[in-house]
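J.: The sequence and its predicted three-dimensional model are supplied below.
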Amino acid sequence: MEQNIEASVINLWLERNAPKIPLTDKSMFRLVWSDDQFEIRTGTKIYYFGNKKIAEAEETGKFPKYSWLHHVWVLEMWANPEIAYTPELPDSVNGSFEPIYAFVDPGGNPLPLNQHVVELVIKVALRPKSSSQAIRSRIFSEMAEKEARLDQYTLDAIDTSDMQSLLHHGEAGLVPGNYDILPPNLRRKQDD
């Protein structure tokens, strides 16, 4: 009973605060009981007589949505038809609610409902996705910008003259006045 009240509170919060399905007033997220969810599924049904296959037929019917989850709460997020549509699920042509979190531990035991967990899962689900290449590219771009700003700051801090500029770019050089360019053994001896 306590879980049903908590589920009602969470679903009310989702209706009021979660993003809406485009062009509707329905929440993009919902909390559902796994055993209550069914879907229309099309597939090939195989009929056996003992161990011998006797027939095969294409059929459409109502099946449990979460046949692998029993007696747990599931947080679902609406997926648009471009993502959700599959021929095996005819109703997915209009979009579909897909599971993003089940209140179950790794051992298969149900976990208690918690609105803070729901809010965190929704926050993560709505966060923009980035590939590792996009992240790497953004880091390199930020490093290059920082280096360019540092270089510009350094250049702005130096008061340059024309001679400093020529020296910096290797277009000029300094030669001291007492510098003799010939090695000592080739120098002319000065007469006294």
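T.: Yep, it's here.

J.: So which residue is smack in the middle of this protein?
T.: In the chain, the centroid-proximal residue (C-alpha atoms, centre = their mean) is residue 129; its distance is 2.4 Å.

J.: can you confirm it is in a helix?
T.: No. When classified by DSSP: H, G, I helix; E, B strand; the rest coil, residue 129 is found to be coil rather than part of a helix.

J.: What are the boundaries of the helices in the chain?
T.: Along the chain, the segments classed as helices by DSSP state H run 2-17, 81-84, 115-126, 132-157, 162-168.

J.: Contacts for stretch 143-153, please.
T.: Taking contacts as C-beta atoms under 8 Å, 6 or more residues apart in numbering, no residue outside stretch 143-153 touches it. Bear in mind the C-beta positions are built from the backbone N, C-alpha and C, glycine included.

J.: Now do the buried residues in that stretch.
T.: For stretch 143-153, a neighbour-count test (16 or more other C-beta atoms under 10 Å) marks nothing as buried.

J.: Next: stretch 38-46.
T.: 39, 41.

J.: Can you show me the CA trace of it as CSV?
T.: Backbone C-alpha positions of stretch 38-46 (Å, rounded to 0.1, in the frame of the first residue of the first chain) are rendered in CSV as follows:
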residue,chain,number,x,y,z
PHE,A,38,1.4,-5.4,-22.0
GLU,A,39,2.2,-4.7,-25.6
ILE,A,40,0.9,-5.8,-29.0
ARG,A,41,3.6,-8.0,-30.6
THR,A,42,3.8,-9.6,-34.0
GLY,A,43,5.9,-12.7,-34.5
THR,A,44,6.2,-16.2,-35.7
LYS,A,45,4.5,-18.7,-33.4
ILE,A,46,5.7,-22.3,-33.7
